[in-house]
Every structure is written in C-alpha cells, then in structure tokens.
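A.B. asks: only geometry, no sequence info:
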C-alpha cells in the first residue's frame, strides 16, 4: 500500500453513490470527457446512477446493457489538504484509498502526493 498526502482538497460530488455487485446489469451511458474510461451507468435493479470504470464492464448489448465483472462502489472521499491516505488501486486517473478512519473511496490522483519511504 502506498501512502499519500492530500495536496488538493476534494469534496465528493455524489453523496449517494452507485454500488454494484458482480454480475449486476447496468445501462451503459456516456463516457466522461475529463476522465476517459469512466462510463456513466444506471443500475437496472436499483435505478441508481454513477460513474463506473470501463474496465469492469462487459461490452454493452443491443439494448445498451452491460454487466459488472466485479463488486464496485463509486463512493468518493471528501478530504482536506494535509490528510494522509493509503492508496489501494489506481484506475483512470483516480485512486481508491483508505483514510486514517478506515473510510474507503475514490479521489482524483492529482489530489495526491506520494510519501517517500525513508531508509
């Protein structure tokens, strides 16, 4: 796990994130222009909407429905400059992190700076 310092404050834009289980179906929507490979999807079962990484979606069928290939939460962290986070996964210019309070969520990678290990 890589440790990071938050260098740019980030506020979550989606307080009620889409949460999906492996095999769940979603309507495959538009691709983000700022962060390529993020697809705006809507859950077929819950109707919740949110950004999903293209890498965990199957190719949409003729009805624009895709399946999720792994469990996923679109939860974004709200963090302040100076906070310490642990990075767990990098995907499409975002990093999935854990806070010191054991909250898990996504943050844009440009908001983070590596903490170098000494020795």
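C.D. replies: Received the coordinates, thanks. These numbers come from a predicted model, not from an experiment. Numbers count the residues shown, from 1 in each chain.
A.B. asks: what residue spans form the domains of this structure?
C.D. replies: 2-13+75-114, 19-73 (automatic domain parsing).
A.B. asks: in a markdown table: those domains, plus mean pLDDT and mean neighbour count.
C.D. replies: (Each C-beta comes from the backbone N, C-alpha and C, glycine too.) Output for the domains of the chain, formatted as a markdown table (pLDDT from 0 to 100; neighbours: other Cβ atoms under 10 Å):
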| stretch | mean pLDDT | mean neighbour count |
| --- | --- | --- |
| domain 2-13+75-114 | 96 | 16 |
| domain 19-73 | 97 | 16 |
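A.B. asks: the strands in the protein, which residues?
C.D. replies: Remark: strands assigned in the chain by DSSP state E are 2-6, 19-20, 25-31, 38-43, 49-53, 65-67, 72-73, 84-91, 94-99, 104-108, 112-114.
A.B. asks: closest to residue 13 out of the ones you listed?
C.D. replies: Evaluated over those, closeness to residue 13 peaks at strand 49-53, with 9.5 Å, by Cβ to Cβ.
A.B. asks: got the angle for the closest one vs strand 94-99?
C.D. replies: Per axes from the mean of the first three to the mean of the last three Cα atoms, to 10 degrees, the angle that strand 49-53 makes with strand 94-99 is 110 degrees.
A.B. asks: which strands border strand 49-53, and is each parallel or antiparallel?
C.D. replies: strand 38-43 (antiparallel) (DSSP bridges).
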